[in-house]
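Colleague: After the sequence you'll find the predicted model.
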Number of protein chains: 2
Amino acid sequence: MSVAGNERGRMTSPSLDRSEALWKRAQRVIPGGVYGHQNAGAHGERHPKFLARGEGSRVWDVDGNEYVDWMCAYGPMVLGYRNSVVDRAVAEQMELGDTLSLPGEAMVEYAEALVAKTAGMDWAIFGKNGADVTSWAIDTARAQTGKSKVVKVRNAYHGARPWTIPVLPGVPPHHRDELIEVVWNDVEGLRSVFAEEGDAIACVILTPYDHQLHHAELPSEGWYRAVRSLCDEHDAVFVMDDVRAGFRFDLAGSHVYFNAAPDLVCYSKAIANGYALSAGLGVEALRPAAERIFFTGSFFFQSSAFAAASATLAEMERTDAVGTIHRIGQLLIDGLEAQAESFGEPLVSTGPAAMPSFHFGDDPEYARFKRWCDAATEQGAYLHPGHNWFVSAAHTEEDVDRTLEATERAFEELRSSG
Amino acid sequence: MSVAGNERGRMTSPSLDRSEALWKRAQRVIPGGVYGHQNAGAHGERHPKFLARGEGSRVWDVDGNEYVDWMCAYGPMVLGYRNSVVDRAVAEQMELGDTLSLPGEAMVEYAEALVAKTAGMDWAIFGKNGADVTSWAIDTARAQTGKSKVVKVRNAYHGARPWTIPVLPGVPPHHRDELIEVVWNDVEGLRSVFAEEGDAIACVILTPYDHQLHHAELPSEGWYRAVRSLCDEHDAVFVMDDVRAGFRFDLAGSHVYFNAAPDLVCYSKAIANGYALSAGLGVEALRPAAERIFFTGSFFFQSSAFAAASATLAEMERTDAVGTIHRIGQLLIDGLEAQAESFGEPLVSTGPAAMPSFHFGDDPEYARFKRWCDAATEQGAYLHPGHNWFVSAAHTEEDVDRTLEATERAFEELRSSG
């Protein structure tokens, strides 16, 4: 039986028996049990592997243990699980219809709202996965420029597709011949890449800041100015991949927050608070190229997702969700830093408040960080050992307090075990 | 004002004013107004461009006009729009959670049910788009064989991705270097392709029968036997792309109905009655290759889609939905053929009952067929002029009768206008 839920949170180890049993069932019928980014098989033995439900900032695993969830479904949850405003908009749309033989008004209404809201963008298209729109952006840039090479930052993730995944078994190596990798913030490196191959470069694709798995790096003073002017000089398209960061920095686009001026913007994850949707937006000059791309999918026109997205945008504006996210995220970072200092642990915080990134110094394989996350998770704060975390507008000061109780026990455990 | 809904269906032209106004709004904020397969801009001026709602086999456009819908959302709708059993299963799941930070039991339960149901398959993975799983199948075949070439049938559609779309502006030509196109049912052609390039062929990907836009061709007697034995002889993977046809022929897979023995099966469209989901299934020997592929997406683990899919599978079995689909589809085909004969029109029917395909003889640009579909649509039977149609288990004899009234007027119009 689980002992979760006493006043100061749990002390003893909760059962993960149902989670483990389900994991065994999954391994029989699914390769690896769970594939992709939600495979928790390597997180640590005290991490649950399946969740049963979510409400606000909290999730419950299949054994009934409650957690403050700092992953937010890896980004999609931004207003809290089961947000009543978003879910009501979806339910009302479902009363009419969802996937029909033609699009509905909900798509056009959302396109109007998103285009009006997004700085510098004149039109929008929609898909289901983030990779649908990042890959579409590459195609659009190639159609626009008649060139094929793609400049991206080393180790930056733009979706699980052959053109971007560093090592994909079976994909012929020349599928990545058009990829040029540069170093984040290395203006001189970018300049020499354009000097050498500018005639072949269709686009530069960047995330708003460099959010790697264990650390983050913000744009330096001249980075985006250089990107913009090099793209202009060499007739290349600047694509902003705002799939992971989008709607956590500025509802007009993370490019506003980080002072960049892209030609195409890609959104997904948070824009519909968990409903499956992605969006690509562009400047007027790229509309003819976009019209030449055959871009579609069986569920691209699902009205429920557009209803969810319209409600998410309006509700985030109404409640200053971004402000809350940054305030709470900063409380969490400050609290953890203070706690680490009191324990003498070399906790390094690199991410912005909305998407914190932590690791320990002198922990090259992240083994100690993983043990700490596993211990904190057992104590009721769901912490990922190998990915940035996410803050939502549903997280509260109480969630931060509850998390700091869990991490205090995790620090104690590190100290006692050496 | 619309005059739809009198006893014999409408006679006079219904208004499409709201549809046209919405189309103008859409063109300002969406490239082309609507992109991809749901763009009805070229269907004919009496076709609506947006739908407001659906119920069972019927849809209503944004002007309130009712139609018998023979497109079924291009396949996803198989038990009727707003099917109460499926939608209740989704609502119950939504009370708990949908997109969370880990998968839920719903994914494992559906994997178990689908694997148990699908003939010859041992495990499953899931995505959102059909192209997610057809592209994943190519990656898996390449990982398994260490080879890269893909054999497909000329003009066969396997999703809007660079490896399969015949003309995609901006995609470097060599992205299609690994593609070898053969002619459907041409055993000798396939044999010589393997004789020449067998050492480089990773897989053959086929739809269960050749469902082109205006016509269909069933597999010939020896086709699938030859495909299987050539794949075996040359260590190539046989991929069945059952995205469009799946769940309309046999719930164990269309490969059972058409007597084929694939190594991988791809599903999407109909498996969750309109909720966004796709599935890839494989034989045991391919599990290690599948485990090596990094395959994921932000919404791949959405529990509502798995709840919908489990309910769709159970409800289709309980109600013999496939039997109903074939019975009603045959009534439609027989009725249209008899009607065409009485009008002396050369209607050619090529598709199986579950997915009818029609065109007129001596109509090389399909112009006459398009006029006929446009006229029938105006009279309340939504007929697509450039794609196969789809039959659902919600379609009734009354729907067929109502459709034949509409097509009778369309035939009359063709006759009077020459």
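Modeller: Good, I have the coordinates.

Colleague: Bridged to residue A:358, which residues?
Modeller: residue A:349 (DSSP bridges).

Colleague: Longest helix in chain A, by number of residues?
Modeller: As assigned by DSSP state H, the longest helix anywhere in chain A is helix A:321-343.

Colleague: any idea how far that helix is from the chain center?
Modeller: 19 Å (Cα atoms, centre = their mean, to the nearest Å).

Colleague: Just the buried positions in it, please.
Modeller: Within helix A:321-343, the residues that count as buried by 16 or more other Cβ atoms under 10 Å in any protein chain shown are A:321-322, A:324-326, A:328-333, A:335-336, A:339-340, A:343. All C-beta spots, glycine's among them, are computed from the backbone N, C-alpha and C.

Colleague: which of those residues are close to chain B?
Modeller: With Cβ under 8 Å from any Cβ of the partner chain as the criterion, those include none near chain B.

Colleague: Please, where are all the strands along the stretch 1-150 of chain A?
Modeller: A:51-55, A:58-61, A:66-69, A:123-127, A:149-153 (DSSP state E, counting those that start in this stretch).

Colleague: Give me the contacts around the fourth one.
Modeller: What it means is strand A:123-127. With Cβ atoms under 8 Å, 6 or more residues apart in numbering or on different chains as the test, strand A:123-127 has contacts from A:107, A:110-111, A:114-115, A:118, A:133, A:136, A:268, A:277-282, A:284, A:287, A:290, A:295, A:297, A:300, A:305-306, B:28-31, B:35, B:129.

Colleague: same thing but 6 Å
Modeller: Residues outside strand A:123-127 that contact it (Cβ atoms under 6 Å, 6 or more residues apart in numbering or on different chains): A:111, A:114-115, A:133, A:278-282, A:287, A:300, B:29, B:31, B:35.

Colleague: Equivalent analysis for the second one, please.
Modeller: Surrounding strand A:58-61, the residues in contact under the criterion Cβ under 6 Å, 6+ apart are A:19, A:48, A:51-53, A:66-67, A:69, B:100.

Colleague: And those, which two are furthest apart?
Modeller: Within the contacts of strand A:58-61, A:19 and A:69 form the most distant pair, 15.3 Å apart (Cβ to Cβ).

Colleague: While we're on the residue most central in space within chain A, how confident is the model there?
Modeller: Nearest residue to the geometric centre of chain A (Cα atoms, centre = their mean): residue A:244, 2.8 Å. pLDDT recorded at residue A:244 is 98.

Colleague: With adjacent residues omitted, what lies nearest to it?
Modeller: Among residues not flanking residue A:244 along the chain, residue A:75 sits closest, at 5.6 Å (Cβ to Cβ, 6 or more residues apart in numbering or on different chains).

Colleague: Could you tell me how many residues sit around that neighbour?
Modeller: Residue A:75 has 25 neighbours, counted by other Cβ atoms under 10 Å in any protein chain shown.

Colleague: thought it was touching residue A:269?
Modeller: Yes: the pair residue A:75 / residue A:269 is scored as a contact, 3.7 Å apart, by Cβ atoms under 6 Å.

Colleague: For the residue nearest to residue A:244, grab phi and psi.
Modeller: Phi and psi for residue A:75, reported as degrees, to the nearest 10, are phi 120, psi -40.

Colleague: who's in contact with it?
Modeller: So residue A:75 contacts A:244, A:269-270, A:390 (Cβ under 6 Å, 6+ apart).

Colleague: quick one on the thing from earlier: need the strands of the stretch 1-150 of chain A in CSV (columns: mean neighbour count).
Modeller: Shown next, in CSV, are the strands of the stretch 1-150 of chain A (neighbours: other Cβ atoms under 10 Å in any protein chain shown):
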stretch, mean neighbour count
strand A:51-55, 23
strand A:58-61, 24
strand A:66-69, 26
strand A:123-127, 26
strand A:149-153, 23
